[in-house]
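*Asks:* Return atomic coordinates for the entry below.
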Amino acid sequence: MATDFDELNAKYFDVLKEIGNIGAGNATTAIANMLGMKMDMSVPKVELLPVEKIGGAIGSEDQVVVGIMLGVETDIQGSMMFLMDLPSAHHLVNKLMMRDPSYDKDFDEMDLSALKEIGNIISGAYLSALSGLTNLTITPTVPSISIDMAAAILSVPAIEFGMVGDNALLINTEIGTSESIKGYFILMPEGDSYKKIISSLGLPV
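*Replies:* Numbering: from 1, shown residues only. Prediction:
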């Protein structure tokens, strides 16, 4: 398969954008229902990138972020992550816990559990969009959570899945409330799974 990512992005842009739009819409609805409030969504920015370039695409690699990581199984294999900055994570947890919006102490076990569930729901929303478009059965594994510099978190799937140099689908979106929630959804198909996704959409690989 070609490795010219500008060419791939141009060729599959409409499909990648559709995955991003539906996934982000599903995720926004899921979070709004969880928090019992209305939320707006920005138009997602969708890119196909080599895994090793994701760090630079989401901003400063030394920025501390919250990362929720899951494996992907059944018709395709690989990993997926949902990343958000600390202000966004605190905002979501404070809303969920009905705390003062300015509360920003270190996350305790209950907070981490809530974040993991938020990430699980958001990731599930994106997977549901992908599954609906491709008619593939895509099953997530139990999520894990990390709070660390972006570069450190992003190194985990590259090492664990041996994926340096392979494709990653990066969807960057903002969900609007009184404060903007910035999130990045990253899907890293393993082996032939990316080709399977593309061919399932009726496109040449």
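*Asks:* Using PDB, list the CA coordinates for stretch 27-41.
*Replies:* What follows is the C-alpha trace of stretch 27-41 in PDB, where atoms were taken according to Å, rounded to 0.1, in the frame of the first residue of the first chain:
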ATOM      1  CA  ALA A  27     -19.600  11.000  21.200                       C
ATOM      2  CA  THR A  28     -21.100  14.500  21.800                       C
ATOM      3  CA  THR A  29     -24.600  13.000  22.200                       C
ATOM      4  CA  ALA A  30     -23.200  10.300  24.600                       C
ATOM      5  CA  ILE A  31     -21.500  12.900  26.800                       C
ATOM      6  CA  ALA A  32     -24.400  15.300  26.700                       C
ATOM      7  CA  ASN A  33     -26.700  12.500  27.900                       C
ATOM      8  CA  MET A  34     -24.300  11.400  30.600                       C
ATOM      9  CA  LEU A  35     -24.100  15.000  32.000                       C
ATOM     10  CA  GLY A  36     -27.700  15.900  31.300                       C
ATOM     11  CA  MET A  37     -26.900  19.000  29.300                       C
ATOM     12  CA  LYS A  38     -26.800  20.400  25.800                       C
ATOM     13  CA  MET A  39     -23.500  20.400  23.900                       C
ATOM     14  CA  ASP A  40     -22.300  21.700  20.600                       C
ATOM     15  CA  MET A  41     -19.600  20.200  18.500                       C
END
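*Asks:* Report the central residue of this structure.
*Replies:* Within the chain, the residue whose C-alpha comes closest to the C-alpha centroid is F185; the distance, by Cα atoms, centre = their mean, is 1.6 Å.
*Asks:* mind checking pLDDT for that residue?
*Replies:* Here the pLDDT value assigned to F185 is 83.
*Asks:* Kindly report the same for the one 4 residues further on.
*Replies:* What the model reports for P189 is a pLDDT of 79.
*Asks:* Give me the spatial nearest neighbour of it, chain neighbours excluded.
*Replies:* With Cβ to Cβ, 6 or more residues apart in numbering as the measure, G78 is the residue that lies nearest to P189, at 4.2 Å, once sequence neighbours are left out. For the C-beta atoms, the positions are set from N, CA and C on the backbone; glycine is no exception.
*Asks:* ditto for I118
*Replies:* Beyond its immediate neighbours in the sequence, the residue positioned closest to I118 (Cβ to Cβ, 6+ apart) is L92, lying 5.7 Å away.
*Asks:* Contact partners for that neighbour?
*Replies:* Contacts here follow Cβ atoms under 8 Å, 6 or more residues apart in numbering; on that basis L92 touches 31, 35, 84, 114-115, 118, 181.
*Asks:* burial count for F107?
*Replies:* Here the count is done by other Cβ atoms under 10 Å, and F107 has 18 residues near it.
*Asks:* part of a helix, is it?
*Replies:* No - assignment of F107 by DSSP: H, G, I helix; E, B strand; the rest coil gives coil, placing it outside any helix.
*Asks:* On the three-state scheme, L127 is what?
*Replies:* Classification of L127 into helix, strand or coil gives helix, according to three-state DSSP.
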